[in-house]
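A.B. asks: curious how this folds, go ahead:
(2 chains)
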Amino acid sequence: MNFFQKKWKIILVIIAAVAMSGFILEHFAGVNPVKVTVKTIVTPIKSGFSYIAHSLEELRNFVWDMRAYKEDNERLEAENLALRQQNRDVAVYREENERLQALLDLQESISEYQTVAARVISYSGNNWYELIEINKGTLNGLDEGDAVVTPDGLVGKITEAGPNYSTVTTVLDTNAAVGIKVSRTGGSGFVEGDAELAKNMQCKLSFVDRSTPIIVGDVVETSGTSGIYPPGFPVGSIMSVSADSTGNLKYAVIDPAVDFDMLKEVLVIKW
Amino acid sequence: MRKLKLVVWMLLIYLFQTVFCGAINFNGTAPDLLLAFAVIFAFYEWETNLAALIIILCGVLAGSEAGRVFPAAVLVTGVAGLMSRALFKTAKLVPEFVKIISVIIVAAFSLCSFEYFTVYKSISVYALLYSILPYVIYTTLAASVMYPLIKKTLFRMQDKKQLII
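C.D. replies: Numbering: from 1, shown residues only, chains lettered A, B, ... in the order given. Here you go, the predicted structure:
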């Protein structure tokens, strides 16, 4: 092919003419009719495909954003988990603080007694908390027979004292017997553990004289007459009242003042 | 069939150049696919009229794009097409690909420089490094990708001669 063939000269002239006409028209008339015509023709096509392009772009952005959202979500989930853990810790600390504050208040309120604060380290094998172990023993000055209380009321007494631990027999134990008086009337009796009631974390008030008026809701507290427990500590409240077979004595079911489920710290009274 | 392929090629290139520009845009620079197509097509096309039509059409389409200088686009694309065609049977020792790429580099450089000058009224080293060269390199790369595809889909080579499919 000869580049300088007549045909190619014509083509070159056409190209130059198109370009020049475009230039002249744009320069003088401000509008290029070729450009306008081309744009008018291709605009509907471009519009249709631009819709597809935008849809594809949105899809790509969506996928792209999803990746970012996933990363954000994972980060926020981890953050949420950490905050929840932190929140739980704060709740535990606040609860512990409240318990210790109450224990301290109790210690101050019974300053006439020598007291030692201890932490509950284990419970008895069964589910009704007849025995518990605390982390203080003879090295801390504790001994068998010492009374164990909480700000809520009486827990029991130490029945075994090791060097750095003590076993506490609670009022739920069948061998426990606490001399009490009814706060409202001053009537006396004994609170004892009962195997059946202990399953429901309850104990029994017995040897109450028939003439002593007791009603459901009455609070019973240690009388101090037995010499085992100091007087004035709440033991529990009356849940139900019954008479024995002879009809001379009443007995009642006691709901202990202490929540043995929540027992964490106790105060031992060297009695 | 070949005409249909040609129309599809033109449509695809034009759409990529305009509508799907975001897909081929790299760091603010889009390659001139129409220029590359015109040069590659004109190089191999046996029918002179068709080659002339395509290079003029590519020039007009390129010039009609928003922000392009119409006369420059038509002139440079047209002349580049003609130069490409002129090189087909000359300098036979030089590989075809090298001939095509050389035309594209010169044309892209000329076109971009002219358009830059039209807008900013001057050309600096900064313009050369950050506007013109990226455009030339990117257009050359795009042409390198398009070259085998166009050659394979629109032309069949036999004994160093073009056969129209």
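
A.B. asks: all strands of chain A, in order?
C.D. replies: For chain A, strands defined by DSSP state E occupy the ranges A:114-123, A:131-134, A:147-150, A:153-161, A:166-170, A:177-182, A:188-192, A:203-209, A:219-222, A:234-243, A:249-256, A:265-270.

A.B. asks: now chain B
C.D. replies: Taking DSSP E as the criterion, chain B carries its strands at B:155-158, B:161-164.

A.B. asks: pick out the shakiest of the ones you listed, pLDDT-wise.
C.D. replies: Ranked by mean pLDDT, these bottom out at strand B:161-164, with a mean of 52.

A.B. asks: return the residues of chain A in contact with chain B.
C.D. replies: If contact is defined as C-beta under 8 Å from any C-beta of the partner chain, the residues of chain A in contact with chain B are A:1, A:3, A:7-8, A:11-12, A:14-16, A:18-20, A:22-23, A:26, A:32, A:34-35, A:38-39, A:42, A:45-46, A:49-50, A:53, A:57. Every residue, glycine included, has its C-beta placed from N, CA and C.

A.B. asks: the same query, at a cut-off of 7 Å, please.
C.D. replies: Proximity of chain A to chain B (C-beta under 7 Å from any C-beta of the partner chain) is limited to residues A:1, A:3, A:7-8, A:11-12, A:14-16, A:18-20, A:22-23, A:26, A:32, A:34-35, A:38-39, A:46, A:49-50, A:53, A:57.

A.B. asks: now a ChimeraX select for only the buried ones of those residues.
C.D. replies: Listed next is the ChimeraX selection for buried residues among the residues of chain A next to chain B, using 16 or more other C-beta atoms under 10 Å in any protein chain shown:
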select /A:8,11,12,15,18,19,22,23,26,32,34,35,38,46,49,50,53
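
A.B. asks: show me the residues of chain A next to chain B that map onto helices.
C.D. replies: Those of the residues of chain A next to chain B mapping onto helices are A:7-8, A:11-12, A:14-16, A:18-20, A:22-23, A:34-35, A:38-39, A:46, A:49-50, A:53, A:57, per DSSP state H.

A.B. asks: measure the spatially closest residue to B:C21 that is not a sequence neighbour to B:A23 for me?
C.D. replies: With C-beta to C-beta, 6 or more residues apart in numbering or on different chains as the criterion, B:C21 has its nearest non-adjacent residue at 5.3 Å, and that residue is B:A30. Here the criterion is C-beta to C-beta, to the nearest Å. By it, B:A30 lies 10 Å from B:A23.

A.B. asks: what does A:E58 give?
C.D. replies: 14 Å.

A.B. asks: can you check A:W64 too?
C.D. replies: According to C-beta to C-beta, A:W64 stands 14 Å off from B:A23.

A.B. asks: what is the burial count for residue 81?
C.D. replies: Defaulting to chain A. The burial count assigned to A:L81 is 10, neighbours taken as other C-beta atoms under 10 Å in any protein chain shown.

A.B. asks: you answered for a different chain; I wanted chain B.
C.D. replies: With neighbours defined by other C-beta under 10 Å, the count for B:G81 comes to 30.

A.B. asks: I figured it hits B:A42, correct?
C.D. replies: Yes: the pair B:G81 / B:A42 is scored as a contact, 3.8 Å apart, by C-beta atoms under 7 Å.

A.B. asks: between these two, which contacts overlap?
C.D. replies: Applying C-beta atoms under 7 Å, 6 or more residues apart in numbering or on different chains, one finds that B:G81 and B:A42 are jointly contacted by B:A51, B:I55.

A.B. asks: neighbours of B:V136, just the number please.
C.D. replies: 24.

A.B. asks: sorry, wrong one. I was asking about A:S111.
C.D. replies: As a burial measure, the neighbour count of A:S111 was computed by other C-beta under 10 Å and equals 8.

A.B. asks: equivalent analysis for A:L100, please.
C.D. replies: A:L100 is flanked by 14 other residues according to other C-beta under 10 Å.

A.B. asks: residues contacting it?
C.D. replies: Applying C-beta under 7 Å, 6+ apart, one finds that A:L100 lies in contact with A:E265.

A.B. asks: follow-up on the earlier one: highest average neighbour count across the strands of chain A?
C.D. replies: Each of those was given a mean neighbour count from mean count of other C-beta atoms under 10 Å in any protein chain shown, and the largest, a mean of 26, is that of strand A:147-150.

A.B. asks: identify the residues contacting that one?
C.D. replies: Contacts with strand A:147-150, where a contact means C-beta under 7 Å, 6+ apart, come from A:155-158, A:168, A:229-230, A:233, A:258, A:263, A:266-269, A:271.

A.B. asks: stretch A:38-45 too?
C.D. replies: B:V60, B:L61, B:S64.

A.B. asks: near chain A, from those?
C.D. replies: B:V60, B:L61, B:S64.

A.B. asks: want to throw those into a markdown table with pLDDT?
C.D. replies: Converted to a markdown table, these look like this (pLDDT from 0 to 100):
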| residue | pLDDT |
| --- | --- |
| B:V60 | 89 |
| B:L61 | 88 |
| B:S64 | 81 |
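
A.B. asks: of all the residues in stretch A:132-143, which ones are buried?
C.D. replies: When burial is assessed from 16+ other C-beta under 10 Å, stretch A:132-143 yields the following buried residues: A:I132, A:E133, A:I134, A:K136, A:G137, A:N140, A:L142.

A.B. asks: could I get those as JSON lines with distance to B:R85 and pLDDT?
C.D. replies: Converted to JSON lines, those look like this (distance: C-beta to C-beta, whole Å; pLDDT from 0 to 100):
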{"residue": "A:I132", "distance to B:R85": "103", "pLDDT": "87"}
{"residue": "A:E133", "distance to B:R85": "102", "pLDDT": "89"}
{"residue": "A:I134", "distance to B:R85": "103", "pLDDT": "91"}
{"residue": "A:K136", "distance to B:R85": "105", "pLDDT": "90"}
{"residue": "A:G137", "distance to B:R85": "107", "pLDDT": "90"}
{"residue": "A:N140", "distance to B:R85": "107", "pLDDT": "90"}
{"residue": "A:L142", "distance to B:R85": "110", "pLDDT": "91"}
